[in-house]
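**Q** Give the three-dimensional model of this entry:
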Amino acid sequence: MIRKTIKRVKNEDQEIIRRILDGEQWQYQYLVEKYQQRVINIVACITGDRTEAEDITQKVFIKIYYSLDRFDPSLPFFPWLYRVTVNQCYDELRRFRRKRQTIFSDMDGSETQIVAEPIRRPDHHLERKNLAGLVRKLLFSLPRRYRDILILKDVADHSYDEISEILGCSMQAVRLKVFRARNLLRKKISHLMKEERRFLSSYQ
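**A** Below you'll find the predicted structure:
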């Protein structure tokens with residue numbers, strides 16, 4: 001049943017793309033509406049900035065629109081959309097890092113002291129942590145193959161069968177990667193909590 005659903009979605013996407021390439025540009029809005037929220041969720045997870053997610057998502061769909069003539073319509077659409085989304089996110093992150101490095105390199109010592117984070121009481125350390133930001137940080141400390149599989153499964157909310165189609169591997173391989181990725185992330189969270197408790201105990 002799931003296979004039939006994926007095939008139907010694939011055929012619908014192919015038909016829409018065919019119409020767009022035949023001159024019915026307004027059909028592109030259907031693809032945007034269909035996949036926009038998934039892309040926003042992926043962008044927000046990768047960049048950690050939901051306020052910028054819509055702007056980056058707009059860039060993704062603009063890039064996709066002007067690249068449709070290079071897309072092979074015999075292939076499923078979302079895997080391509082996913083790759084473009086991930087690449088755009090990493091481009092944005094690199095651009096942000098370069099900008100931040102430029103700003104800090106232009107500062108003298110006094111300015112650097114002003115922007116430095118003030119020392120806070122250690123017993124408020126965990127309270128200051130934003131849980132979503134913490135999980136994202138740990139997620140991005142995972143190897144790329146595990147990070148991507150968790151983004152697809154737990155952020156974009158794809159089924160194992162859909163991820164199998166996207167990544168071009170067996171569903172058994174997908175299940176195994178998800179299991180390993182979640183287990184690795186769980187261990188990192190557990191390790192961080194132990195370190196946090198050890199740190200706080202030294203102030204008691």
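**Q** Where does residue 141 fall, secondary structure wise?
**A** Using DSSP states H and E, residue 141 is not contained in any helix or strand.
**Q** any idea how the chain splits into domains?
**A** Domain assignment for the chain, taken from automatic domain parsing, gives 1-116, 119-204.
**Q** which intervals of this protein have sub-threshold pLDDT?
**A** Counting by pLDDT under 70, the chain contains low-confidence ranges at 1-10, 98-133, 196, 198-204.
**Q** hey, where'd the helices end up in it?
**A** Counting by DSSP state H, the chain has helices at residues 2-21, 28-47, 50-67, 77-105, 109-115, 125-128, 131-139, 144-150, 160-167, 171-201.
**Q** Rebuild those as JSON lines, extending it with mean neighbour count.
**A** Bear in mind the C-beta positions are built from the backbone N, C-alpha and C, glycine included. Compiled in JSON lines, the helices of the chain are given as follows (neighbours: other Cβ atoms under 10 Å):
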{"stretch": "helix 2-21", "mean neighbour count": "14"}
{"stretch": "helix 28-47", "mean neighbour count": "19"}
{"stretch": "helix 50-67", "mean neighbour count": "15"}
{"stretch": "helix 77-105", "mean neighbour count": "15"}
{"stretch": "helix 109-115", "mean neighbour count": "9"}
{"stretch": "helix 125-128", "mean neighbour count": "11"}
{"stretch": "helix 131-139", "mean neighbour count": "14"}
{"stretch": "helix 144-150", "mean neighbour count": "18"}
{"stretch": "helix 160-167", "mean neighbour count": "20"}
{"stretch": "helix 171-201", "mean neighbour count": "14"}
